[in-house]
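Asker: sequence first, then the predicted structure:
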Amino acid sequence: MDLFARTDNALRNLLPKDGVVEYYGPILSQAEADHYLARLRGDISWRHDEAVVFGKRITTKRQVAWYADEAFSYTYSNTTKTALIWSAMLLELKRHAETACGETFNSCLLNLYGDGSEGMAWHSDAEKDLVKNGAIGSMSFGAVRKFALKHKETKETVSQILDHGSLLVMKGTTQTNWLHSVPKTKKVMSPRINLTFRKIRQPSA
């Protein structure tokens, strides 16, 4: 089923079971979202993402960046990245996300999709470095894209269109029971930037 932006003030869980995904819609004005999009494109230390697949290291078209409270190490797709320290702009955006959803975050993985030919395959964010069942807040800027979820056992699917300047939060057992993706599309010709605010486990945790 397809679920689109809510038309009332009540948050609802997009998932029918086994997790919680809440879509807040745009939490910034059009002007604010445009402002941050321009700054994100120019001020972030973007790098093409790398992954190890069947023992072979590949480089993706999609670009990424990793920022946090400290120089945390984060491992996914069999590669380890070390975080840069927050910029003032990213701290502003973190505060916007935290204020909207009531959660707290200590890190952020940023993704830059050049156009609709770049996407994200089915996966779950359940790496050992993340706080188990911790909230993940996803802010979107630029091109409007579909965000899809698929139950790991029943294969039931849910999707949500993510607007410019919007926030979506996944929490509870979502990562245990659901996969998510950003499908590729030929209809989108402009870039999208996605900030996924996360909770990395402290070294002593």
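Answerer: Everything's here; your move.

Asker: quick one, longest strand in the chain?
Answerer: Scanning the chain for the strand with the most residues, using DSSP state E, yields strand 56-68.

Asker: surely Ala33 touches Val144?
Answerer: No. Ala33 is beyond contact range of Val144, at 11.5 Å (criterion: Cβ atoms under 8 Å). Any C-beta I mention is one placed from the backbone N, CA and C, and that applies to glycine too.

Asker: could you name every residue contacting both of these two?
Answerer: With contacts taken as Cβ atoms under 8 Å, 6 or more residues apart in numbering, the residues that reach both Ala33 and Val144 are His164.

Asker: quick one, which of the two is more surrounded?
Answerer: Looking at Ala33 and Val144 with other Cβ atoms under 10 Å, you find the greater number of neighbours at Ala33, namely 20 against 14.

Asker: against Asn111, how distant is the residue lying closest to the more buried one once chain neighbours are set aside?
Answerer: Excluding the flanking residues, the one nearest Ala33 by Cβ to Cβ, 6 or more residues apart in numbering is Gly165, at 3.1 Å. In this structure, Gly165 and Asn111 are separated by 16 Å, where distance is defined by Cβ to Cβ, to the nearest Å.

Asker: tell me what the residue nearest to Leu14 when sequence neighbours are not counted is bridged to.
Answerer: Sequence neighbours aside, Val21 is the residue nearest to Leu14 in space, at 4.3 Å (criterion: Cβ to Cβ, 6+ apart). Note on Val21: beta-bridge partners by DSSP bridges are Met170.

Asker: and for Val21, the neighbour number?
Answerer: Once other Cβ under 10 Å is used to define contacts, Val21 is seen to have 23 neighbours.

Asker: repeat that for Asp115.
Answerer: If you count neighbours by other Cβ under 10 Å, Asp115 ends up with 16.

Asker: same check, this time on the one 10 residues further on
Answerer: Asp125 has 16 neighbours, counted by other Cβ under 10 Å.

Asker: same question, the one 4 residues further on
Answerer: Around Asp129 sit 15 other residues, with neighbours defined as other Cβ under 10 Å.

Asker: the one 10 residues further on too?
Answerer: Residues lying near Met139 (other Cβ under 10 Å) number 29.

Asker: apart from its neighbours in sequence, what residue is nearest it?
Answerer: In this structure, Met139 finds its nearest non-sequential neighbour in Leu195, 4.4 Å apart by Cβ to Cβ, 6+ apart.
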